[in-house]
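Chemist: dropping the sequence and predicted coords here.
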Amino acid sequence: MEKIFKLNENNTTIRTEIIAGLTTFMTMAYILAVNPSILSASGMDPQAIMIATALAAFIGTCVMALLANYPFALAPGLGLNAYFAYTVCGAMGYSWQFALFAVFAEGIVFIILSVTNVREAIFNAIPLTLKKGVSVGIGLFVAFIGLQNGSIVVNSDATLVTIVNFREDFKNVGICALLAIIGTLIIAVLHYKEVKGSILIGVIATWILGIICELTGLYTGMSVLPHWSNFNLAAIGLTFGQCFSGAAFESFRVLDFIVIMFSFLFVDIFDTIGTLIGCANKADMLDKDGRLPRIKEALLADAIATSAGAVLGTSTTTTFVESSAGVSEGGRTGLASIVTGLMFLLAIFLSPLFIAIPGFATAPALIFVGFLMITAVVDIDFKDITEAVPAYLAMVAMPILYSISDGIAVGIISYVVINACAGKAKKVSPLMYVLAVLFVLKYIFL
């Protein structure tokens, strides 16, 4: 273990890494249920998608561990799977095989960009202050997701979002929100008392409370008890390799393909970069210049996972922001990622158990991790407007626009414009100007 993962050098232990890996998995396990429900709208078999999701997560996360030795986990990303199912296969009318081929091609382009240092150059070109803002923004974004998953924040016609009405439908939405709040308080108290695995304990404790509420009739929503049923591992054959089948090239239009592929690529690049910035900053892995050691290996692992996932039968596989939960538990090496990856592999055979973990049980972990990540705000120099305002806009944009990549876009565009107008154009790297123009063009044409 020491030889492969350099535990002593990273000031960690096997126990800490195992807890971190389990914590990351628990906060990510929802993707095993959510991804099939979204991608099945394209006509794909739900069970095949679930197996492909777990295998893609296992492969991508283990590649990240072995190539880069980082505690970052990968799985098919939300947002891109919706674009896959509802836009490419829905509004545009393409087959899911065609969409998988577009994802596969995006992964190949990704690999080329990673090997040729393009993605590393993009990561390093982003100023340190803006990286701090991105880290805070991801914290707010993660917390917002947790508040939604826990039904504490709900949709509102008047104000878009609002706090849940606890008395209305208490045995469904109200009790979920209450349990999510209790779980958050449990984690906060345990963390204050420096209990190892406080986040993981909080998730499990909230789930147990949910089970008790269901058994006593206080909770009448979707069951949080595991329901075992027949499982067919051979279902993966329905999607495996279908990105190369004849159906992928029926009614093939080159221009549409290019637009679709680059849409996947653009979002994936900046979602990944944003997640790496946020998680690495939280783990104090960035050097004094804001650079991440072994960034090329980390980006390459992400790219390989994307193409591998497409072959298996799922949309873009990317680094998950929930990795920050494991980092917050002390995860510092690839051993934590190996644990997470093995749990995804195990989940194929124990899927009813993991799919049963409700959103209100993982919500406290996301809410608390959000708190831990926003502490980077104290490192931002708010006296320098040219540095502080772009960081501020990036951190605010992420939860409001519900997108890491859009938050980075806002930050980069504003950084370039503000500094250019303030007479500080020379301090902005040429690549930042290029990125700003590309983001503007993206909003115009994509």
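Modeler: All right, it came through fine. Please read these numbers as outputs of a predicted model, since none were measured by experiment.

Chemist: list the contacts for the nearest residue to Gly290 once chain neighbours are set aside?
Modeler: Closest residue to Gly290 apart from its sequence neighbours, by C-beta to C-beta, 6 or more residues apart in numbering: Leu128 at 3.5 Å. Yep, even glycine has a C-beta here, placed from its N, CA and C like the rest. Shown in contact with Leu128 (C-beta atoms under 8 Å, 6 or more residues apart in numbering): Leu286, Asp289, Gly290.

Chemist: narrow the residues you listed to just the buried residues.
Modeler: With neighbours counted by 16 or more other C-beta atoms under 10 Å, the contacts of Leu128 contain buried members at Leu286, Gly290.

Chemist: and of the contacts of Leu128, the nearest to Ala305?
Modeler: Proximity to Ala305 was ranked across the contacts of Leu128 by C-beta to C-beta; first place goes to Leu286, at 22.6 Å.

Chemist: before we move on, what's the pLDDT of the closest one?
Modeler: For Leu286, the model assigns a pLDDT of 87.

Chemist: contacts only, for it.
Modeler: Leu128, Lys131, Ile277, Ala280, Leu292.

Chemist: tally of neighbours for the second one?
Modeler: A total of 28 residues lie near Lys131 under the criterion other C-beta atoms under 10 Å.

Chemist: what segments of the stretch 1-150 of the chain are helices?
Modeler: For the stretch 1-150 of the chain, the helices defined by DSSP state H, counting those that start in this stretch cover 2-5, 14-28, 31-39, 46-68, 80-82, 96-115, 118-125, 128-149.

Chemist: elements contacting the shortest one?
Modeler: So that's helix 80-82. Contact here means 3 or more C-beta pairs under 8 Å, 6 or more residues apart in numbering; DSSP states H and E; on that basis helix 80-82 packs against helix 31-39, helix 254-282.

Chemist: Thr23: which of those is closest?
Modeler: For Thr23, the closest of these is helix 254-282, at 13.0 Å, according to C-beta to C-beta.

Chemist: tell me which residues in the closest one are buried?
Modeler: 257, 259-282.

Chemist: any idea of the mean pLDDT for that helix?
Modeler: Taken as a whole, helix 254-282 carries a mean pLDDT of 86.

Chemist: cool, stretch 223-243 as well?
Modeler: Stretch 223-243 comes out at a mean pLDDT of 86.

Chemist: go through stretch 84-104 and flag the buried ones.
Modeler: By neighbour count with 16+ other C-beta under 10 Å, stretch 84-104 contains the buried residues 84-85, 88-89, 94-104.

Chemist: dump the contacts of Leu128 into JSON lines; add secondary structure and distance to Lys424 as well.
Modeler: Below are those laid out as JSON lines (DSSP: H, G, I helix; E, B strand; the rest coil; distance: C-beta to C-beta, whole Å):
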{"residue": "Leu286", "secondary structure": "coil", "distance to Lys424": "23"}
{"residue": "Asp289", "secondary structure": "coil", "distance to Lys424": "19"}
{"residue": "Gly290", "secondary structure": "coil", "distance to Lys424": "18"}
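
Chemist: return the member of the contacts of Leu128 nearest to Ser40.
Modeler: With C-beta to C-beta as the yardstick, the closest approach to Ser40 among these comes from Leu286, at 39.3 Å.

Chemist: nearest to Trp207, of the helices of the stretch 1-150 of the chain?
Modeler: Across the helices of the stretch 1-150 of the chain, Trp207 has its closest neighbour in helix 14-28 (9.0 Å, C-beta to C-beta).

Chemist: in the closest one, what counts as buried?
Modeler: 16-28.

Chemist: how does the chain divide into domains?
Modeler: 11-222+235-376, 377-445 (automatic domain parsing).

Chemist: one step back: with mean pLDDT and distance to Asp384 as extra columns, can I get the helices of the stretch 1-150 of the chain in TSV?
Modeler: Converted to TSV, these look like this (pLDDT from 0 to 100; distance: least, C-beta to C-beta, whole Å):
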stretch	mean pLDDT	distance to Asp384
helix 2-5	91	39
helix 14-28	94	35
helix 31-39	86	39
helix 46-68	95	33
helix 80-82	85	35
helix 96-115	94	32
helix 118-125	86	19
helix 128-149	89	8
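
Chemist: Gly197: which of those helices is closest?
Modeler: Closest to Gly197 of the helices of the stretch 1-150 of the chain, according to C-beta to C-beta: helix 14-28, at 4.4 Å.
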